[in-house]
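Engineer: return a 3D structure for these sequence lines:
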Amino acid sequence: MVDKRSVRRRTKIVATLGPATDDEAVLADLIRAGANVVRLNFSHGKVAEQRRRIETVRKVAAELGRDVGVLGDLQGPKIRLQRFRDGEVRLRKGATFVIDSEHGADDGNEEIVGTTYTPLAHDLDAGDILMIDDGKIVLEVIESRGTRVTSQVLVGGRLSNNKGINRQGGGLSAAALTDKDREDVVTAAELDIDYLAVSFPRGAEDIQEARRLLHNAGGDASIVAKIERAEAVDNIDSILEVSEAVMVARGDLGVEIGDAELPGVQKDIISRARDANRVVITATQMMESMVTSPIPTRAEVLDVANAVIDGTDAVMLSQETAIGDHPVTVIEAVARVCLGAERRTETMRSGHRIDMQFERTDEAIAMATMYCANHLPVEAIFALTESGSTALWMSRIRSGIPIFALTRHQATRRRATLYRGVYPVAFDVLEAESNRIGEFVISEMLKYGVIGKGDRVIFTRGDLSGISGGTNTMKIAVA
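Structural biologist: Numbers count the residues shown, from 1 in each chain. The predicted structure is shown next:
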């Protein structure tokens, strides 16, 4: 399906699948409301369940005539406390509290509890600060020896089973890819997902290892690096070099670097990703109140809008759609906020790479196209593409002009569902006469109502049809 000539939302929406979206009718409404990409959380559910959800998504998307991308999100290392005898305890400020990896898994009390992370004591020194349950409980390490971490409670409160552990400032040595993740990478390859998100990477090596595992399993998904460790922030440039996309995963990241640092780091990551021609997703608690409420808070509206104005490609919803009471309503709310933010002038003007040289012809064509589009009254850009790279480069330039990625490859169309301002269209360039492709595209787009008679448009294509990386031509035409 091609978007009709109307106000088009440029920022994409990622919706997490779960029990709330398992009904086909709900899923169809979710896609109609504006979900561009769906997320499978490998932390929950068995392989058969994930397979069923993907099959349902692709069935419903095909019935709707839409391209919908699929993002598989690896669980990553779970650094957690074990469980308490009575389900929860209350820690008092100033009290001593011990975390011991050899303590009984179900035998915790208000003085001691076990942990799933065996090397915890080896990673810590006296004076380190531990943030438990996203920082609701704060502990200062007094002594770390053998399997035991002895701490003093700085911020107390109620503590229940299986809560997460973070070290303020990062530094826990847990590997990014667990045995479960390795199994899930094979599953992701078998399910032919479009994006694979790697949780808790510390540096480029973790991303490269995930890619090797994926390729060895026969998968070809684009890799998303989830930035949620302090070390990943320090290594952001090298991570961007080896990833197709990054996710600002603000939950654990905020705990590790501190909430005061988080807004600036989010803006910096978005800017660096766009400068590196990478896709960027902003995630975590975007509309969390809508898990139960039919309307967002004003703070959530501003949060989503600010991410859009900063240039994020996509915003991601987690439990809001997976288990929430209003999965379709929250998509509608996010779409509405994105459209409002996109009316701001700063979202349509760009100085991106204005003083830089380009190494590739297709990249230069993409940049020239966007410069012309932003300085001429142009209604649409049509990029005939094999890999989608031309459309991706174009989408790095802030503009209000829709970019239609015309391609015969379904995998390319699904990847493009995550590119800001890009709308994938099924088009087989090999079926059109080479010297009349422009005329054919215009006639088709007029038929769909994407453009009107007399509209100025820009085409990009290659002299040799069907060759990846061959874009070498830009043409301005009037419909």
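
Engineer: residue 45 in helix, strand or coil?
Structural biologist: Secondary structure, DSSP: H, G, I helix; E, B strand; the rest coil: residue 45 is coil.

Engineer: in stretch 157-176, what's buried?
Structural biologist: 159, 161, 163-168, 170-172, 174, 176 (16 or more other CB atoms under 10 Å). Any C-beta I mention is one placed from the backbone N, CA and C, and that applies to glycine too.

Engineer: inside strands: which ones of those residues?
Structural biologist: 159, 165, 166, 167 (DSSP state E).

Engineer: check these and tell me the two furthest apart.
Structural biologist: 159 and 167 (17.2 Å; CB to CB).

Engineer: related to what we said a few turns ago, just the closest of the ones in strands among the buried residues of stretch 157-176 to residue 409, please.
Structural biologist: residue 166 (41.1 Å).

Engineer: spit out the contact partners of the closest one.
Structural biologist: Residues counted as contacts of residue 166 (CB atoms under 8 Å, 6 or more residues apart in numbering) are 79, 130, 131, 132, 134, 135, 172, 252, 255, 256.

Engineer: ok, it to residue 224 distance?
Structural biologist: 21 Å (CB to CB, to the nearest Å).

Engineer: following the host helix or strand of residue 48, which helix or strand comes up?
Structural biologist: According to DSSP states H and E, residue 48 maps onto helix 47-64. Using DSSP H and E, the helix or strand that follows helix 47-64 towards the C-terminus is strand 69-73.

Engineer: got the contact list for that following strand?
Structural biologist: Here strand 69-73 has contacts from 14, 36-43, 50, 54, 57, 184, 187-188, 191, 193-197, 199, 221, 224, 226, 414-415, 417-418, using CB under 8 Å, 6+ apart.

Engineer: straight-line length of stretch 417-424, end to end?
Structural biologist: 7 Å (CA to CA, to the nearest Å).

Engineer: how far out from the middle of the chain is that stretch?
Structural biologist: 13 Å (CA atoms, centre = their mean, to the nearest Å).

Engineer: what about the residue nearest to residue 326 when sequence neighbours are not counted, neighbour count?
Structural biologist: In space, and not counting its chain neighbours, residue 326 is closest to residue 294: 5.2 Å by CB to CB, 6 or more residues apart in numbering. Using other CB atoms under 10 Å, residue 294 has 11 other residues around it.

Engineer: a strand runs through residue 294, doesn't it?
Structural biologist: No - using three-state DSSP, the assignment for residue 294 is coil, not a strand.

Engineer: that one and residue 323, how far apart?
Structural biologist: Taken as CB to CB, the span from residue 294 to residue 323 is 15 Å.

Engineer: ok, the residue most central in space within the chain - contacts?
Structural biologist: In the chain, the centroid-proximal residue (CA atoms, centre = their mean) is residue 281; its distance is 3.7 Å. Shown in contact with residue 281 (CB under 8 Å, 6+ apart): 14, 224, 245, 246, 247, 248, 312, 313, 314, 315, 316, 418.

Engineer: ok, of these, which come out buried?
Structural biologist: 14, 224, 245, 246, 247, 248, 312, 313, 314, 315, 316, 418.

Engineer: residues contacting the fifth one?
Structural biologist: What it means is residue 247. 197, 224, 225, 226, 227, 280, 281, 282, 283, 316.

Engineer: return the subset of those lying in helices.
Structural biologist: Using DSSP state H, no member of the contacts of residue 247 sits in helices.

Engineer: how about the strands in the stretch 151-300 of the chain?
Structural biologist: All strands of the stretch 151-300 of the chain, identified by DSSP state E, counting those that start in this stretch, fall at 157-160, 165-167, 195-198, 222-227, 245-249, 279-283.
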